[in-house]
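1. need coordinates for the following:
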Amino acid sequence: MQHPSVHGSSRRRTSALAGILLAGLLVLVGCPAQDADSADLPPPEQAVIPPAPDYAEPTSWLARPEDPDRFAVDVIWVYPTVLFDKSGWLMDITRPDLVAGAELSVSTEARVFSGQANVYAPLYRQMNLSGFGLTETQRDKLVAYGEDDVRRALQYYFEHDNKGRPFILAAHSQGSLALTELVLHHWGKIGVERQLVAGYLLGWSITTGDLASNPAVTLCFAPHQTGCFVTYNSVAPGRQAEAPTILPGAQLVNPLTWTRGTAPAPASLNLGSTFFDLGGTSKTLPGFASAEIVDGGLAVVAEDPSLLKQDFFPPGVYHSFDYSLFFENLRANVAQRIQAHLDRP
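-> Numbers count the residues shown, from 1 in each chain. Below is the predicted model:
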């Protein structure tokens, strides 16, 4: 990646968030809420700026493979929001509790890639959840730190670790925001595009305008397609307008068919929804949820909606469960795309 872009579409996207944006992970594992109101924090102009990560140091990474040649493919994972207390506007990557929260995303959501790819997960100075309630100008300055960190982490990875290996880009929520912005600004100019297996940027929107702004960015339309991106936001039918991550003109991929078709995909196609708890155990329920692309959102009918209750989003907004709802289909699709990439001439 070249120099960071810290303006334009990133700011347009954050300004669309009238509601809250919280990591799905925190709800999935049942962490208690400690919401920070922006009034409890200093003026953003007085934000304490934590030291930037040095990606040459192991402490700036949540995960790096012990054996980088174990798998033929790498995955770069960017974790969702874990900073939502009153401690500051930007994540201090030396705080053990925040690092532990970010690490949980590696062992839960990013587990769809386990046994299939070498995992690289950088720490980054993400913005406090409360930042999404600030003015556009204030958010610009705060979001820029995390976006630049992710850019530098990718640059370090490509210069020192990649060695021409195929790779996957993957993230959720605020992590997907950072990756989406970098992709929209830089994709097609980097020189590694043919190495991309796929990008899974869940819990954020890629819009019609985004795709027009960078024709090198394409959404996947077939399960074995490579070099493309997957994005969707899960909601109950009719709750699209309540989801703060569904932006006007949002385009998406159905994770039960891996197409952009609008026909309903029945729950019988769902290989398994996987839910995690704090004890590190998980439960997989085959056929738990259907999926249909409607009005910019992925409309989900769940067998037992009571399992999808959460404290941080309006009823029927399933942002926290974007990975869980289609976990086994995601795992299977990762395998499909990896094999298709490796078989490519």
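2. every contact and neighbour count from this point should use C-alpha atoms.
-> Will do.
3. tell me where the chain has helices.
-> Ranges of helices in the chain, per DSSP state H, are 9-15, 24-28, 96-107, 136-160, 174-186, 208-213, 327-343.
4. how about those in JSON lines, adding mean pLDDT, distance to L83 and mean neighbour count?
-> Conversion of those to JSON lines gives the following (pLDDT from 0 to 100; distance: least, C-alpha to C-alpha, whole Å; neighbours: other C-alpha atoms under 10 Å):
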{"stretch": "helix 9-15", "mean pLDDT": "38", "distance to L83": "17", "mean neighbour count": "19"}
{"stretch": "helix 24-28", "mean pLDDT": "37", "distance to L83": "10", "mean neighbour count": "23"}
{"stretch": "helix 96-107", "mean pLDDT": "94", "distance to L83": "7", "mean neighbour count": "18"}
{"stretch": "helix 136-160", "mean pLDDT": "94", "distance to L83": "12", "mean neighbour count": "20"}
{"stretch": "helix 174-186", "mean pLDDT": "95", "distance to L83": "11", "mean neighbour count": "24"}
{"stretch": "helix 208-213", "mean pLDDT": "98", "distance to L83": "28", "mean neighbour count": "14"}
{"stretch": "helix 327-343", "mean pLDDT": "98", "distance to L83": "25", "mean neighbour count": "19"}
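5. these: which one's closest to R260?
-> helix 208-213 (13.1 Å; C-alpha to C-alpha).
6. list the contacts of that closest one.
-> L184, V217, T218, G249, A250, Q251 (C-alpha atoms under 8 Å, 6 or more residues apart in numbering).
7. how about a cut-off of 10 Å?
-> 9, 180-181, 184-185, 207, 217-219, 248-251 (C-alpha atoms under 10 Å, 6 or more residues apart in numbering).
8. may I ask which two of the residues you listed are separated the most?
-> H185 and P248 (19.3 Å).
9. from the centroid of this structure, which residue is nearest?
-> H172 (1.8 Å; C-alpha atoms, centre = their mean).
10. so what sits opposite it in the bridge?
-> Bridge pairing for H172 (DSSP bridges) gives the partners L202.
11. now do the contacts for it.
-> 23-25, 77-81, 105, 109-110, 178-179, 200-204, 231, 319-320, 322-323.
12. separation between it and V235?
-> 15 Å (C-alpha to C-alpha, to the nearest Å).
13. follow-up on the earlier one: possible to save the helices of the chain as a markdown table with distance to L129?
-> Shown next, in a markdown table, are these (distance: least, C-alpha to C-alpha, whole Å):
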| stretch | distance to L129 |
| --- | --- |
| helix 9-15 | 12 |
| helix 24-28 | 12 |
| helix 96-107 | 13 |
| helix 136-160 | 11 |
| helix 174-186 | 9 |
| helix 208-213 | 24 |
| helix 327-343 | 25 |
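14. among the ones you listed, which is nearest G280?
-> Nearest to G280 among the helices of the chain is helix 96-107; the distance by C-alpha to C-alpha comes to 8.4 Å.
15. the closest residue to L325 other than its chain neighbours pairs with what?
-> Of all residues not flanking L325 in the chain, S273 sits nearest, at 4.4 Å (C-alpha to C-alpha, 6 or more residues apart in numbering). Note on S273: beta-bridge partners by DSSP bridges are L285.
16. surely S273 is in contact with A289?
-> Yes - contact criterion C-alpha atoms under 10 Å: S273 and A289 qualify, at 7.6 Å.
17. give me the common contacts of those two.
-> In contact with both S273 and A289: A302, L325, F326, using C-alpha under 10 Å, 6+ apart.
18. which residues does the first one form a beta bridge with?
-> Applying DSSP bridges to A302 gives these bridge partners: A289.
19. let me see the contact set for P58.
-> R64, P122.
20. now the strands: where do they sit in the protein?
-> In the chain, the strands defined using DSSP state E lie at 61-63, 74-78, 118-122, 167-172, 196-202, 206-207, 228-230, 234-235, 250-251, 273-276, 282-285, 292-294, 297-299.
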